[in-house]
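In: From the sequence below, what's the structure:
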Amino acid sequence: MSVTLAFVIFIIFIALVFDYINGFHDAANSIATVVSTRVLSPGMAVVWAAFFNFIAFAVLGTRVAKTIGGDLVEINLIQADQRLYVLLAALLGAVIWNLITWYLALPTSSSHALVGGYAGAAIAAYGGVEGLLKPEGWIKTLVFIIASPLIGMTLGLVLMVAVFWLFRRSTPNRVDKLFRRGQLISAAAYSLGHGGNDAQKTMGIITIVLVTSGMLEAGAGGKLPEIPLWVVLTAHAAIAAGTLSGGWRIVHTMGSKITKLKPVGGFCAETAGALTLFGATLAGIPVSTTHTITGAIVGVGATRRLSAVKWGVAGRIVWAWVLTIPLAALIAALSFFVISLMDRLT
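Out: Residues are numbered from 1 along each chain as shown. As a prediction, the model looks like this:
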């Protein structure tokens, strides 16, 4: 396969399509609580979230992008003429899985769809696993599939209990009024964390594409180089545009089907989620914003009583989480075989 500028541009375009779909698929993460508590209208909520999605690059850096781009797959083990096919197939696997789960209104992880797709396409091209998948990147990614919702749930529960204690002598009306204002800040913080963690995954893939095609030099020791500014800005713009498009089917699941939220609960869930995402992003760990906010909402709901959480819906979501990486990997592997077949036929 000869690398052409048009083919590289096409892969970057697909990467930005994934980022856009990530934005509207995960819009629910940023706005479900603030919409369900009626602090903001849906239209205002997506504008609010999209703005903070976009400016996140100025606050949270690009550590996650370097994890995605350099710490998951030893792409140099794959034949040079197949590497771009692997990256394209990885993106297709993630895009197709995101569209399936969006249609089913399941708040699954776009992040894990991408890492699953990347692994599946790489394994299909290499013909095995040994030496291909880098343990350092996968260990922290897989650990945080479990850790991020648990951290979000614990922080959501602790914050809610603390708020109950601090405002135990306040009238419900005063508490409601105060936390309606507070939710503007917590929703902004969560959107900042969402944009900071999720947009970086696309940055990492685009940077690998540029390095693989010879349009960007690899860093020292074959590491991922600094992310070009245009890649950073384009990725954040795409995810912000996707958020502006909304993901109303998933907003409904996140905002009302798991547990009923009031402004104080929405504030605690968003704050818990934002703290979890800030910590993970600054540590360079690609986490699921979906898992994180779902855990936080469950933690908030559990402070009322365990029956306040609709465990049937939560269980359905968990099954979707479990299946995301393997099914996205399978779709990406099939995509790689189709792309390779098309290449041989042309």
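In: Could you pull out the helices in this protein for me?
Out: With DSSP state H, the ranges of helices along the chain come out as 5-25, 27-36, 42-55, 57-60, 63-70, 83-103, 110-126, 135-166, 172-212, 229-245, 248-252, 263-282, 289-302, 311-345.
In: Indicate which one of those helices is closest to Asn76.
Out: Asn76 sits nearest to helix 83-103 of all these, at 8.4 Å, using Cβ to Cβ. Using the backbone N, CA and C atoms, a C-beta is placed for each residue, glycine as well.
In: Pretty sure Thr207 sits against Pro225.
Out: Yes: with contacts defined as Cβ atoms under 8 Å, Thr207 counts as touching Pro225 at a distance of 7.0 Å.
In: what's the residue nearest to Thr202 when sequence neighbours are not counted in contact with, if anything?
Out: Of all residues beyond its chain neighbours, the one nearest Thr202 is Asp19 (4.1 Å), with distances taken as Cβ to Cβ, 6 or more residues apart in numbering. Applying Cβ atoms under 8 Å, 6 or more residues apart in numbering, we find Asp19 in contact with 199, 202, 235, 238-239, 242.
In: And Asp19, how close does it get to Val232?
Out: From Asp19 over to Val232 the distance is 12 Å, taken as Cβ to Cβ, to the nearest Å.
In: do Leu210 as well
Out: Taking Cβ to Cβ, one finds Leu210 at 13 Å from Val232.
In: Tyr103 too?
Out: 31 Å.
In: Would you mind listing where the chain has pLDDT under the threshold?
Out: 1-3, 25-30, 32-33, 106-107, 221-222, 246-261, 304-321 (pLDDT under 70).
In: how about the residue of it most remote from its centre, phi and psi?
Out: Here the chain reaches farthest from its C-alpha mean at Arg169, the gap being 39.1 Å by Cα atoms, centre = their mean. Torsion angles at Arg169 (phi, psi; degrees, to the nearest 10) stand at phi -100, psi 0.
In: which residues does it contact?
Out: With contact set as Cβ under 8 Å, 6+ apart, Arg169 has no partners.
In: Common neighbours of Thr207 and Pro225, please.
Out: Leu216.
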